[in-house]
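Enquirer: Sequence first, then the predicted structure, then my questions.
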Amino acid sequence: MGALTSGLVLGALSGVLSIVPSYIRLPLGGLALIVILVAELIGRPLKLPQNGRAVPQSIIPEARMQGALQFGFEMGTGVRTFMPTGLPHALVVAVLMVGGIVPGLLAGLGFGLGRSWMTLSRSYSGSPSTWDEQLLTHLRRVGQITAVSFTVLAAVLFRYLG
């Protein structure tokens with residue numbers, strides 16, 4: 001629910017920003033996307049605005065489904081937004097470039113589902129501490145793969161929508 005609320009706010013904000021002419025909005029947004037994505041690809045994510053408080057790991061294993069939902073709610077509403085990557089910011093920039101409530105809602109839904117999937121996969125992994133160790137070991141590679149995937153998906157969507 002928090003992710004959809006964030007998506008509505010993002011969609012409304014992108015609607016407001018749509019009054020900025022596209023010849024200004026698109027190059028500035030494109031430059032921001034390039035900077036964020038290049039930083040991810042070289043394995044040096046930017047330190048971007050965030051609340052910086054992680055959701056306590058204790059809520060996840062206590063009640064597998066309830067913990068994942070609480071995690072998603074707190075992340076989506078911004079109560080806790082510790083993010084080791086700048087890709088959520090790239091998503092915000094992309095939605096602001098495109099504009100509209102529907103892209104905002106879809107972005108919020110996608111972000112919420114992605115974060116919930118991550119939390120559920122950790123809960124059901126059999127060993128959350130091993131899962132955490134593996135993530136930390138491969139965090140740079142995960143960021144790079146995700147950045148490439150984001151870039152390909154964004155290119156396809158911009159081609160399709162544009």
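Expert: Perfect, I can see it now. Residues are numbered from 1 along each chain as shown.
Enquirer: Surely Val93 is in contact with Ile34?
Expert: No. If you go by Cβ atoms under 8 Å, Val93 and Ile34 don't touch, sitting 10.1 Å apart. From N, CA and C alone the C-beta is placed, and that goes for glycine too.
Enquirer: Tell me which of those two has more neighbours.
Expert: Neighbour count, other Cβ atoms under 10 Å: between Val93 and Ile34, Val93 has more, with 20 against 12.
Enquirer: Let me know the secondary structure of the more buried one.
Expert: helix (DSSP: H, G, I helix; E, B strand; the rest coil).
Enquirer: if I look at it, how far off is Gly29?
Expert: Val93 sits 5 Å away from Gly29, going by Cβ to Cβ, to the nearest Å.
Enquirer: What ranges does the chain have for its helices?
Expert: 2-17, 22-41, 59-62, 64-77, 87-98, 101-123, 128-161 (DSSP state H).
Enquirer: Return the most buried member of those.
Expert: helix 87-98 (a mean of 22; mean count of other Cβ atoms under 10 Å).
Enquirer: counting contacts, what elements does that one pack onto?
Expert: On a contact count with 3 or more Cβ pairs under 8 Å, 6 or more residues apart in numbering; DSSP states H and E, helix 87-98 meets helix 2-17, helix 22-41, helix 101-123, helix 128-161.
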